[in-house]
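Participant: Need coordinates for the following:
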Amino acid sequence: MIVGKILSFTLARARLVSCTQPQLLNQKQDLTLFLLVCKLSNYHVTKNIEYISQGNKIKNFDDHIKHFKNTENRPLLIMLTWLLSKRRHVMKYVNLYTEQGFDIALVTMTPWQLMWPTKGSRVVAADLLDFLIQHESYQQILLHGFSVGAYMWGEILDLIQSDRQKYAHLIDKIVGQIWDSVVDVTELTVGTPRAVFPKNEMLQSMFQKYLEYHLKTFHKQSTQYYIRSSQLFHTNLVHTPALFFISKTDIVGTLTSNFRVRDRWDTLGVKTYVKIFEKSPHVGHYYKYPKEYVAELYAFLNKLQLIQNEEKMRAHL
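Facilitator: Got it, this is the predicted structure:
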């Protein structure tokens with residue numbers, strides 16, 4: 001009886017908090033309750049790809065793929081997260097999309113995988129493409145990339161370029177793209193140390209010097225892939241509308257480098273939108289200016305006709 005009361009209290013707490021304020025949840029069991037109460041299921045396809053679905057709980061992924069049809073025609077979000085992102089922070093963004101009926105492919109990357117692409121980031125990129133091939137019944141795909149997620153997308157584009165016959169149709173399904181605090185290859189040596197050692201300037205400086213050495217020494221193993229990814233990101237195969245979130249005070253994903261991408265995409269015929277915040281930190285726009293961020297995001301989704309629940313949208317504004 002006592003156990004039942006405890007469980008009832010915990011579930012009630014989850015109902016009150018998790019679906020509307022997932023940022024308040026920081027325990028693993030609470031995050032599980034977020035998925036349960038919000039009627040979501042999740043499955044780790046690989047260590048770096050988590051699938052969050054509005055459908056039934058996935059017990060066997062092979063069976064799921066075999067029978068997956070997406071009969072409700074839900075859109076899929078590919079979320080390319082930032083380095084060492086905390087799950088409770090990521091879930092804030094997940095909540096915005098699941099409220100609007102999205103399923104989500106959540107993609108992470110470690111600093112090691114960033115530094116050694118052939119055994120790291122490129123493997124993750126290939127795994128994501130395999131996932132998309134296995135879930136071809138998704139007809140609408142949205143991208144939302146943070147920080148080095150732009151680099152990951154460049155790696156994905158490189159693999160698509162290498163086998164256009166196999167992957168080109170995936171590009172046609174992408175209906176829009178959001179880029180938050182995009183980092184170019186020239187900023188990797190600044191951004192990566194800050195992500196790994198956010199509160200230790202001495203270690204940041206030491207790691208930055210190592211990364212500069214790494215780029216010069218390991219061109220074949222690493223640097224060539226950074227350069228190639230940057231080139232492909234600037235000449236993006238995806239020409240659907242794009243929204244950029246930028247801050248005047250972000251020294252990692254700078255205004256200059258973001259506008260360089262935006263200007264290039266404009267010449268390619270991409271319809272671009274830019275939201276500039278005054279003082280938010282790198283990948284901190286939503287935290288610093290929550291209502292402005294959500295208003296801009298939902299206005300963009302509305303342009304793409306991807307808003308399914310206006311009531312929940314207005315609750316954030």
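Participant: hey, where'd the helices end up in the stretch 101-250 of the chain?
Facilitator: Using DSSP state H, counting those that start in this stretch, the helices of the stretch 101-250 of the chain run over residues 111-115, 121-134, 149-162, 164-173, 188-196, 201-217, 224-234.
Participant: among these, which gets the worst mean confidence?
Facilitator: Mean pLDDT is lowest for helix 188-196 out of those, coming in at a mean of 84.
Participant: returning to what we had before: turn the helices of the stretch 101-250 of the chain into TSV, columns for mean neighbour count and distance to residue 297.
Facilitator: All C-beta atoms are positioned from the backbone trio N, CA, C, and that covers glycine. Listed next are these as TSV, based on neighbours: other Cβ atoms under 10 Å; distance: least, Cβ to Cβ, whole Å:
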stretch	mean neighbour count	distance to residue 297
helix 111-115	18	26
helix 121-134	19	22
helix 149-162	22	16
helix 164-173	13	20
helix 188-196	21	23
helix 201-217	14	30
helix 224-234	19	21
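Participant: I'd like to know which of those helices is closest to residue 273.
Facilitator: helix 149-162 (16.6 Å; Cβ to Cβ).
Participant: Check which helices and strands the closest one sits against.
Facilitator: Packing partners of helix 149-162 (3 or more Cβ pairs under 8 Å, 6 or more residues apart in numbering; DSSP states H and E): strand 76-80, helix 121-134, strand 141-146, helix 164-173, helix 224-234.
Participant: Identify the residues contacting that helix?
Facilitator: Contacts to helix 149-162, defined as Cβ atoms under 8 Å, 6 or more residues apart in numbering, come from residues 79-82, 107, 109, 114, 117, 121-122, 124-126, 128-129, 143, 145, 167-168, 170-171, 179, 182-185, 188, 225-226, 228-233, 236-237.
Participant: Check the offset of that helix from the chain's centre.
Facilitator: 14 Å (Cα atoms, centre = their mean, to the nearest Å).
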